[in-house]
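*Asks:* Need coordinates for the below:
(chains A, B, C and D)
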There are 2 protein chains.
Amino acid sequence: MKSGVRHQLAEKMAGEITLSDSPGQALKKWRLSFDIPQGLLAERLEVSPSVISDYESGRRKSPGTAIVGKIVDTILAIDEDRGSRFIKKFARILYSEFDEDVIYDIHEYASPVDLLKFAEAIGAVSLCGPMDQTIYGYTVINSLNAILQLSSSEFNRIYGWSTERALIFTDISTGKSPMVAIRVTPFKPRCVVLQGIGPAEVHPLIPGLAERDRITVLCTQMGVETIITSLRGESW
Amino acid sequence: MKSGVRHQLAEKMAGEITLSDSPGQALKKWRLSFDIPQGLLAERLEVSPSVISDYESGRRKSPGTAIVGKIVDTILAIDEDRGSRFIKKFARILYSEFDEDVIYDIHEYASPVDLLKFAEAIGAVSLCGPMDQTIYGYTVINSLNAILQLSSSEFNRIYGWSTERALIFTDISTGKSPMVAIRVTPFKPRCVVLQGIGPAEVHPLIPGLAERDRITVLCTQMGVETIITSLRGESW
DNA sequence: ATATTACTTCGACATTTCACGAAGATCCGC
DNA sequence: GCGGATCTTCGTGAAATGTCGAAGTAATAT
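*Replies:* Prediction:
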């Protein structure tokens, strides 16, 4: 249950490079942080080594997002081939301990995703609320551990970067507790997915609770691992 | 004691845009997240509105880091002029509660900074260890609160993105506890700054402890606020 | 002392970006 | 259905990127 790390790390690297006064130096800093020689990076990128040097020396003052992205990805790919030594090192910074037990996966989309398509991808059926919506991300939460472990401030982390998202609660019994928790929270997701039960087993109070916050509720019996794999694979 | 938020938020935005398959859509997503019309953004950027549209529509497939940076900064600036409504909203995600009491400031440099220049900026004198080093960032920690509040996993956050950094401990009495804490940690900073005491008051054990981990120790009597202001203002 | 590895510099050229402004498409509110 | 605000599309030219390969520096190893 990981590898969200890779994405977050990539984002951090790309962000730092993009905002830097000299993207070249930032690029170099990261290459060196991963202990990768220019030559190897060039080879994996299938460009000549001088290209890398030109970037790092600042000959191109404002490289496009495309190459920055490619370079970041390649640096990460090289590290993975070597056993993810540095990615693991950086992972420590991205994820604090509890996350692994509580947040199974968290992701943001750069562009809106149709709720209908989202539901289809995770084999979910609609319980109540509108389906003509879009979301910007999702969070998969272990419901039990969340209640046991999260303090109120930590609870905010669940929302990631946008509240226009789907919250997927796993291993639900009736779905009442998660909906109550959301009722109490000032921030409302667009959609709640109850994982592990069918429409018939859902607590009768749910539609009423959902209605007040205008939240769409879905339920799915697809396994957690399958859901995550499916969502990760989707390219919308 | 804040405003690191702005930088982190900018980094997140820039990273997401840069890594996106269609930077244009990502750009649009953020502009809309901040509730800013194309026209206003264009005006503040002093470009024609069609420019924004061209980017968002994907006519430019790979915009340079320079404009991405400018756009991100302008979005943030507009929000600040309006009272930082959305920045505050996003701040919640970036900083968890304890940080404000423990980590006074944390920053990464894109390129290496000379330890000598760094020392000069914070009015620090060398106690032991080599000065011909470079660092990639710094962290200002409230020593007492750190010991009281941080769990071992949270302690890692102090290191930010690189251990090649300076750790500035504030309100030190003799400096022994911080050095002992570092001795026990598997990750070592390049440099430790003891704030609030002069060379004469430093605990005699310090040089020995520092030696083992090859850490340079400095001390300064400059005030915490002054240090932070000074480091933030520096443009190396 | 000569290979080898790691990196830099630079001229050249095709491809893109960047920015403009005019013209068109939508979606309001009235 | 008109005016207004918001956004899209597109032709155009100057500037910058993206890439190469040849030639050069520098440090390390044999």
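
*Asks:* From here on, just use CA atoms for contacts and neighbour counts.
*Replies:* OK.

*Asks:* tally of neighbours for residue A:213?
*Replies:* 15 (other Cα atoms under 10 Å in any protein chain shown).

*Asks:* Report the separation between it and residue B:80.
*Replies:* Distance of residue A:213 to residue B:80, given as Cα to Cα, to the nearest Å: 29 Å.

*Asks:* top strand in chain A by residue count?
*Replies:* Longest strand in chain A by number of residues (criterion: DSSP state E): strand A:103-114.

*Asks:* Which other helices and strands does the strand or helix carrying residue A:117 contact?
*Replies:* Here residue A:117 is covered by helix A:115-121, with elements defined by DSSP states H and E. Counting by 3 or more Cα pairs under 8 Å, 6 or more residues apart in numbering or on different chains; DSSP states H and E, the packing neighbours recorded for helix A:115-121 are helix A:224-233.

*Asks:* what's in contact with the helix it packs on?
*Replies:* Here helix A:224-233 makes contact (Cα atoms under 8 Å, 6 or more residues apart in numbering or on different chains) with A:105, A:121, A:122, A:170, A:195.

*Asks:* in that helix, what counts as buried?
*Replies:* By 16 or more other Cα atoms under 10 Å in any protein chain shown, the buried positions in helix A:224-233 come out as A:224, A:227, A:228, A:231.

*Asks:* Return the distance of it from the chain's centre.
*Replies:* Remark: helix A:224-233 is offset 12 Å from the chain centroid, using Cα atoms, centre = their mean, to the nearest Å.

*Asks:* got it, and stretch A:107-116?
*Replies:* 11 Å.

*Asks:* And stretch A:73-82, by the same measure?
*Replies:* For stretch A:73-82, the distance to the chain centre is 20 Å (Cα atoms, centre = their mean).

*Asks:* In a helix, residue A:59, correct?
*Replies:* No: read with DSSP: H, G, I helix; E, B strand; the rest coil, residue A:59 is coil and lies in no helix.

*Asks:* For it, give its distance to residue A:231.
*Replies:* Distance from residue A:59 to residue A:231, by Cα to Cα: 40 Å.

*Asks:* Let me see the mean pLDDT of stretch A:24-33.
*Replies:* Average pLDDT, stretch A:24-33: 90.

*Asks:* how about that stretch: buried residues?
*Replies:* With the criterion 16+ other Cα under 10 Å, stretch A:24-33 contains buried residues A:24, A:25, A:26, A:27, A:28, A:29, A:30, A:31.

*Asks:* average model confidence for the helix holding residue A:117?
*Replies:* Here the average pLDDT along helix A:115-121 is 92.

*Asks:* Could you look up the next helix or strand downstream of that helix?
*Replies:* strand A:124-128.

*Asks:* quick one on the thing from earlier: how about residues contacting the helix holding residue A:117?
*Replies:* By Cα under 8 Å, 6+ apart, helix A:115-121 touches A:125, A:131, A:132, A:133, A:134, A:135, A:218, A:227, A:230, A:231, A:234.
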